[in-house]
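Novice: compute the structure for the input listed below.
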Amino acid sequence: MRRAAFGARPDEIAQKVNQGLEATVDELVNYEQTPEDPAVPAAPQTAQGSSDIALITIDDVASWWLSRMLLTKRPLQERMVLFWHDHYATSYEKVNDPNGAKHLYWQNQLERQHATGNFRALNKGMNRDAAMLRWLDTITSTKASPNENYARELFEIFMLGLTAYENGVYTEADVQQSARAFTGWGWNLLRLDQPVSPAVNGPATDPTTVVPIPPDVNDNGTAARQHDYTDKTVFGVVQNFNGDQIIDLVLDHEPQRTYSARMLAEKLFEHFAYENPEDYIVDHIAAVLLRTNFNIKQTLRDLFLNVKEFYSDRAIHSIVKWPAYYMISSLRLLGLKNVNPRGANNSLRSMGQWLFWPPDVFGWPGREDWITTSQTFARANWADGVCTFRAANAQMPNDSIEALRVLGGLTDTSTPEQVVDYFTSLLVQRQLSSNVRQALVDFLKKNTQGVIGTFSITSDKTSNYPKIRGLIHLLLSRPEYQNY
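Specialist: Reported below is the predicted structural model:
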């Protein structure tokens, strides 16, 4: 639950243990069978409450997505949307034309639709994704001047990997020839209700109306006139390829098919377990991808059930939490579902992960880059803001502390050691060293003059509940909490 979802509280863990591993995995991967929380917002809204898709900003889209992550009963789906957002990294820094926020919202929905679906269908969806067409310049690609950016990243990042290029699985000529297959894939730049307006597809709510795709047979239409209908030679195969057929060629032609499976297998395992997995692990996961025709759901089910290294000491707590995961898992574990998501994306920015603003086409570097001095400080500052009680902005009011206390079975007679151990098990979910544990116990027992005395969690809520908030802040800031 910590690595395939957004974590789980002790009562949730007990329920999962009771139902067993296989049933828990099936519940996670078959999330469409779980009714979604009615509070999950269906679509972004402006700060003024408008649902007009032509008016939403990128902050509106980010706030909407953070709300989904916080409230969802289908956590693996949103985890995979985050995975694909990094895999097909597309930034508003460039996709900021009129309706750029709308286009990135559509891309986010595409990643959600295919989160654990078929890799083939997801890539074909990306072929015609309005944000991607702008991000990698396909909208400028014509038969007279093919743009190679998308074809290059399709092979190097999205489907085959740089190792495949280094091993001669694809060549520069394959990139150039494939680029011709995507010529004429552009945007409908005119508003549908005002054909003479220069605004970019303003009121359109259907992505299929925004991206005109050249037909298989030249009809002399706008898209067809810019498309190259002559034969292309890719991986030694000569055919009048279009963009979707390039996807099929990669996933059906050897050795590209096997390299694609291995690239994706390694990336999935590294996302959920640990980096630089052994070859036999990659071989196993790749074999599942090949056997299931690149079905992500079946592959993840096998990974969570049959790859024992997923549960190894090397895997547990080995991955630095992405900032979005750090934020959302903290709020979910603390039961804080009424947090206003607006502004949260700016907090993520200071932690190093600004949603919809990845640094480049390779996505976020991640790993230790998440825990620079400034970004670690940003995590601690955010945790302080969450844990501080302010009457005007009560993110963690007394009733939230009360609910956590009841959940942990803490009473007047609970010792400071029991309080520390409970909140450690709730949040950190790993053993602290004896000196760190004792320092946290002493923190609870110290009075305002710094003198160690006694502590009772409920005897004086005015004095002691702020201590609990402080304890939570310290735990969220501990090095042990930064990994999952």
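
Novice: what's the average pLDDT for stretch 442-451?
Specialist: Across stretch 442-451, pLDDT averages out at 88.

Novice: what's the answer for stretch 142-151, then?
Specialist: The pLDDT scores in stretch 142-151 average 96.

Novice: settle this for me: residue 354 is touching residue 345, isn't it.
Specialist: Yes - counting by CB atoms under 8 Å, residue 354 does reach residue 345; the two are 6.4 Å apart. Placement of C-beta: from N, CA and C, glycine included.

Novice: pLDDT score for residue 325?
Specialist: 97.

Novice: what's the helix or strand for it?
Specialist: helix 323-334 (DSSP states H and E).

Novice: put the alpha carbons of that helix into PDB.
Specialist: Only the C-alpha atoms of helix 323-334 are listed here, as PDB (Å, rounded to 0.1, in the frame of the first residue of the first chain):
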ATOM      1  CA  PRO A 323       7.100  15.500  -3.800                       C
ATOM      2  CA  ALA A 324       3.500  14.900  -4.900                       C
ATOM      3  CA  TYR A 325       3.600  11.500  -3.200                       C
ATOM      4  CA  TYR A 326       5.100  13.000  -0.100                       C
ATOM      5  CA  MET A 327       2.400  15.600   0.100                       C
ATOM      6  CA  ILE A 328      -0.600  13.400  -0.800                       C
ATOM      7  CA  SER A 329       0.400  10.400   1.300                       C
ATOM      8  CA  SER A 330       1.000  12.700   4.300                       C
ATOM      9  CA  LEU A 331      -2.500  14.200   4.100                       C
ATOM     10  CA  ARG A 332      -4.200  10.800   3.500                       C
ATOM     11  CA  LEU A 333      -2.400   9.200   6.400                       C
ATOM     12  CA  LEU A 334      -3.400  12.100   8.700                       C
END
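
Novice: same for it, what does it pack against?
Specialist: Helices and strands touching helix 323-334, by 3 or more CB pairs under 8 Å, 6 or more residues apart in numbering; DSSP states H and E, are helix 58-71, helix 75-87, helix 344-351, helix 373-387.

Novice: which one of these lies closest to residue 297?
Specialist: helix 75-87 (9.3 Å; CB to CB).

Novice: can you map out the strands along the stretch 201-350 of the chain?
Specialist: Along the stretch 201-350 of the chain, the stretches classed as strands by DSSP state E, counting those that start in this stretch are 232-234, 237-239.

Novice: any weak-confidence spans in the stretch 51-200 of the chain?
Specialist: 189-200 (pLDDT under 70).

Novice: how about 90 then?
Specialist: Applying pLDDT under 90 to the stretch 51-200 of the chain flags residues 51-54, 97-99, 186-200.

Novice: show me the helices in it, by range?
Specialist: Remark: helices assigned in the stretch 51-200 of the chain by DSSP state H, counting those that start in this stretch are 58-71, 75-87, 100-113, 119-127, 130-135, 149-153, 162-166, 172-181.

Novice: same check, this time on the stretch 301-450 of the chain
Specialist: In the stretch 301-450 of the chain, the segments counted as helices under DSSP H, counting those that start in this stretch are 323-334, 344-351, 373-387, 398-407, 416-423, 434-445.

Novice: need those in JSON lines (columns: distance to residue 483 and mean neighbour count).
Specialist: What follows is the helices of the stretch 301-450 of the chain, written out as JSON lines (distance: least, CB to CB, whole Å; neighbours: other CB atoms under 10 Å):
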{"stretch": "helix 323-334", "distance to residue 483": "10", "mean neighbour count": "24"}
{"stretch": "helix 344-351", "distance to residue 483": "15", "mean neighbour count": "19"}
{"stretch": "helix 373-387", "distance to residue 483": "12", "mean neighbour count": "16"}
{"stretch": "helix 398-407", "distance to residue 483": "22", "mean neighbour count": "16"}
{"stretch": "helix 416-423", "distance to residue 483": "18", "mean neighbour count": "19"}
{"stretch": "helix 434-445", "distance to residue 483": "15", "mean neighbour count": "15"}
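
Novice: and residue 313, which of the ones you listed is closest to it?
Specialist: For the helices of the stretch 301-450 of the chain, proximity to residue 313 was assessed by CB to CB; helix 434-445 is nearest, at 20.2 Å.

Novice: quick one: list the elements packing against the closest one.
Specialist: helix 416-423, helix 461-477.

Novice: distance to residue 125 and mean pLDDT for these - can I get that in a markdown table?
Specialist: Below are the helices and strands packed on helix 434-445 laid out as a markdown table (distance: least, CB to CB, whole Å; pLDDT from 0 to 100):
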| stretch | distance to residue 125 | mean pLDDT |
| --- | --- | --- |
| helix 416-423 | 43 | 96 |
| helix 461-477 | 37 | 90 |
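
Novice: any idea which of those gets closest to residue 145?
Specialist: Between these, helix 461-477 lies closest to residue 145; by CB to CB that is 52.3 Å.

Novice: in that closest one, what's buried?
Specialist: 464-465, 467-477 (16 or more other CB atoms under 10 Å).

Novice: over to stretch 268-287?
Specialist: Here stretch 268-287 shows 268-274, 277, 281-282, 284-287 as buried, counting by 16+ other CB under 10 Å.

Novice: got these as CSV, with pLDDT and distance to residue 52 columns?
Specialist: Listed next are those as CSV, based on pLDDT from 0 to 100; distance: CB to CB, whole Å:
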residue, pLDDT, distance to residue 52
268, 98, 37
269, 98, 42
270, 97, 40
271, 97, 35
272, 97, 38
273, 97, 43
274, 96, 45
277, 97, 46
281, 98, 48
282, 98, 46
284, 98, 48
285, 98, 43
286, 98, 45
287, 98, 48
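
Novice: quick check: end-to-end length of stretch 86-103?
Specialist: End-to-end distance for stretch 86-103, by CA to CA, to the nearest Å: 16 Å.

Novice: shaky segments in the stretch 351-484 of the chain?
Specialist: Where the stretch 351-484 of the chain drops to pLDDT under 90, the residues are 366-368, 385-400, 412-413, 447-451, 453-466.

Novice: contact partners for residue 322?
Specialist: Listed by CB atoms under 8 Å, 6 or more residues apart in numbering, the contact partners of residue 322 are 82, 353, 364, 366, 370.
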